[in-house]
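Novice: This is the structure alone, sequence omitted:
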Ligand SMILES: [Zn+2]
């Protein structure tokens, strides 16, 4: 019977609901309680009793469950929806949405209409979710430049301590394990973008891949209990949904990304059903922040604290343990997720967290909205403008800035009228409350928690992701509102860049440089546009101009070194990297660049010394490992080379290049059997002329002439990228072999 029931649900979850549920108040969705009337006829009692029982039974099943049933044996699945605006989901009233799975979870679970993030940035916001604390406390204030302190208790640690298996599947570099969010997870799958030389802040993977990884793990861990966190990044820029969502949402690609993500939320639920886990799992679906589409002149998220980026979707679902179709109006916060989950599983509440359990709201025992501290240090850290800090309390939102703001969210949800002058008294009250929160919630370990390791900082800086602003990070800074023109210029340039209008983007960066000539990132941005247009001389010129303004800038020197590399100016490239390494001997980019240049020019010993230094800084770097192994193989150090390849093979079992290079290395080492085995695996994953040619050579050495002929033919069928010399030698070899075969 249970099976039948599940099957039915499965259908519902896959198909869009015919009618999108509209947000309603709790009371409206709850069926009225009915009591059977008393009858007086004694003779009819037995029949009547039966009727009463039957009616009671029927009502027991028909009346939506109102209670929360805590259960320490529940699995927990946290799904975070990056950059997802509430008003783009069907369950939050958007008619054009294609979000049947989120809508289903909402109408069969608990939906929070007024959930807020505490900070509109991916890494800090996830830190708030995973620790139940304000950024004031966990101290992660920006993407990429902070490390979550090991001293903090994370949700994963608390649940692991309780005996749950823990696993995370993330899809953006901003929450890479190197930033400390992996604390408490047995498995932290941030294996994406392995084919990029560097994972960068824009490295991401799509929902289908994240789902596949989660599904593989779940299959092995379905016995539970488990805590899994699945992070979907798709709605984040760039908005490029895959087919068929691209075509379906041609003019609304952001909505298409959400629809694509929603599809995989459905797949997750399907998997849980398949393993009979849906009734045993608490599912939390939460946005990490929203996205601005030009509201208050902002596009994207991170700089301002307005509603478009601060409100997030939030849905709780537990088939047997939470009410169905409950909608909660009261304001809640992402810091409340961890305490709610712990409460649901009867885990004692840790001290020193700012969030509270939301279960009393679900039970209807509490109704008053929670006040929330909000902040963004992104303007300070990325542009040298003032940070914004605020408080949402009751109907008011107060923002502390060089030019303060006060909005009445009930009367003015668009935040069009700043009431700071009209409502001085209220503003003062809110400001005092805000200062109290800051005083009481700031942790004492600020300094320790503010720095990442030197290598991480260096690498991010080398990629130009930490804006080196002209302003010091202390003292009076401009209000981001007063820099809106500059900000819009930057955003416009970024938009042009995404559209590949490099000329237009370059013109904007030139304008920004003329406004503020001592910001290194502006030169890097302009140089990148010139490079994209293949204007290499101009690229070099721009970077040298920047270095006149900001000598010794590592960002500019690193970019310049790379440009020399691309231009084939080996000596200049090595000189430039040397300049960086004199000041900073652990600068990864310069170490790897030097290694590469020396390797290409045949200076293998020196190259290998640089590879080793680079790998000391970043031992897991796939690009550096592959190149080091290849260099070793070519210079005859085959055992060392093979050892590195074997390590890579374990980590990247689907990378054909590793098998191919390893096969070639074995060939050099004279181990023809191993060479053939690896090369055959390589061509089964992804055939290349190089692999075919090497297979032919190996087969010939083994005396398998027919196989050698076969592979030479395959090589000659499509020798793309191969030199004329190599092709004609292969032809000659083929003729020879065919002749000997005929004899
Ligand atoms: Zn995010």
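Specialist: Happy to help now that I have it. Computed from a prediction, not measured in an experiment: that's the story for all the values here.
Novice: For whichever residue of the stretch 151-300 of the chain sits closest to the ion, which residues are in contact?
Specialist: Proximity of the stretch 151-300 of the chain to the ion (C-beta to the ion) peaks at residue 288, 4.2 Å away. (Glycine included, C-beta is placed from N, CA and C.) Counting by C-beta atoms under 8 Å, 6 or more residues apart in numbering, residue 288 makes contact with 80, 81, 82, 83, 117, 122, 125, 126, 129, 312, 334.
Novice: and the ion, which of those residues contact it?
Specialist: Near the ion, judged by C-beta under 5 Å from the ion, the entries from these are 82, 122.
Novice: Which of the contacts of residue 288 sits closest to residue 219?
Specialist: Nearest to residue 219 out of those is residue 80 (C-beta to C-beta; 22.1 Å).
Novice: Quick check: that closest one is in a strand.
Specialist: Yes. Residue 80 sits within a strand when classified using DSSP: H, G, I helix; E, B strand; the rest coil.
Novice: Now list the buried members of the contacts of residue 288.
Specialist: Neighbour counting over the contacts of residue 288 (16 or more other C-beta atoms under 10 Å) leaves 80, 81, 82, 83, 117, 122, 125, 126, 129, 312, 334 as the buried ones.
Novice: Tell me the residues on this structure that lie near the ion, please.
Specialist: Listed as neighbours of the ion in the chain under the rule C-beta under 5 Å from the ion: 82, 122, 288.
Novice: what do you get if the cut-off is 8 Å, keeping everything else the same?
Specialist: Proximity of the chain to the ion is confined to 82-83, 121-122, 125-126, 172, 174, 233, 236, 288-289, 301 under the rule C-beta under 8 Å from the ion.
Novice: I'd like those residues written out as a markdown table, with secondary structure and pLDDT added.
Specialist: Shown next, in a markdown table, are the residues of the chain next to the ion (DSSP: H, G, I helix; E, B strand; the rest coil; pLDDT from 0 to 100):
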| residue | secondary structure | pLDDT |
| --- | --- | --- |
| 82 | coil | 96 |
| 83 | coil | 95 |
| 121 | coil | 95 |
| 122 | helix | 94 |
| 125 | helix | 97 |
| 126 | helix | 97 |
| 172 | strand | 86 |
| 174 | helix | 83 |
| 233 | coil | 93 |
| 236 | coil | 88 |
| 288 | coil | 98 |
| 289 | coil | 97 |
| 301 | coil | 90 |
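Novice: Which of those residues sits closest to residue 181?
Specialist: Nearest member of these to residue 181, counting by C-beta to C-beta, is residue 126, at 6.2 Å.
Novice: In this structure, spot the helix with the most residues.
Specialist: helix 253-274 (DSSP state H).
Novice: Pull out the buried residues from it.
Specialist: For helix 253-274, burial by neighbour count (16+ other C-beta under 10 Å) applies to 253-273.
Novice: and the gap between residue 692 and residue 340?
Specialist: 58 Å (C-beta to C-beta, to the nearest Å).
Novice: now swap in residue 478 and tell me
Specialist: To residue 340, residue 478 is 39 Å away according to C-beta to C-beta.
Novice: Which of those two has more residues huddled nearby?
Specialist: A direct count of neighbours by other C-beta atoms under 10 Å for residue 478 and residue 340 places residue 340 higher, at 23 against 17.
Novice: for the more buried one, helix, strand, or coil?
Specialist: Under three-state DSSP, residue 340 comes out as helix.
Novice: I'd like to know how many residues surround the spatially closest residue to it that is not a sequence neighbour.
Specialist: In space, and not counting its chain neighbours, residue 340 is closest to residue 358: 4.4 Å by C-beta to C-beta, 6 or more residues apart in numbering. A count of nearby residues for residue 358, using other C-beta under 10 Å, gives 27.
Novice: my read: residue 358 touches residue 341, true?
Specialist: No. Applying C-beta atoms under 8 Å as the test, residue 358 and residue 341 come out as separate, 9.7 Å apart.
Novice: Next up, the contacts around the residue of the stretch 101-250 of the chain found nearest the ion.
Specialist: Sorted by distance to the ion under C-beta to the ion, the residues of the stretch 101-250 of the chain start with residue 122, at 3.0 Å. By C-beta under 8 Å, 6+ apart, the contact list for residue 122 reads 82, 83, 143, 172, 174, 175, 236, 288, 289.
Novice: Endpoints of stretch 580-597, how far apart?
Specialist: Start-to-end span of stretch 580-597 (C-alpha to C-alpha, to the nearest Å) is 15 Å.
Novice: For it, buried residues please.
Specialist: In stretch 580-597, counting by 16+ other C-beta under 10 Å, buried: 580-581, 584, 586-597.
Novice: Repeat that for stretch 430-446.
Specialist: Using 16+ other C-beta under 10 Å as the test for burial, stretch 430-446 gives 430, 431, 433, 434, 437, 438, 441, 443.
Novice: Quick check, pLDDT for the last one.
Specialist: Note for residue 443: predicted pLDDT of 78.
Novice: Same check on the second one?
Specialist: Looking at residue 431, its pLDDT stands at 97.
Novice: and the gap between it and the ion?
Specialist: Taking C-beta to the ion, to the nearest Å as the measure, residue 431 falls 28 Å from the ion.
Novice: now do the last one
Specialist: For residue 443, the distance to the ion under the criterion C-beta to the ion works out to 23 Å.
Novice: That residue against residue 136, yeah?
Specialist: Yes. Residue 443 is within contact range of residue 136, at 7.3 Å (criterion: C-beta under 8 Å).
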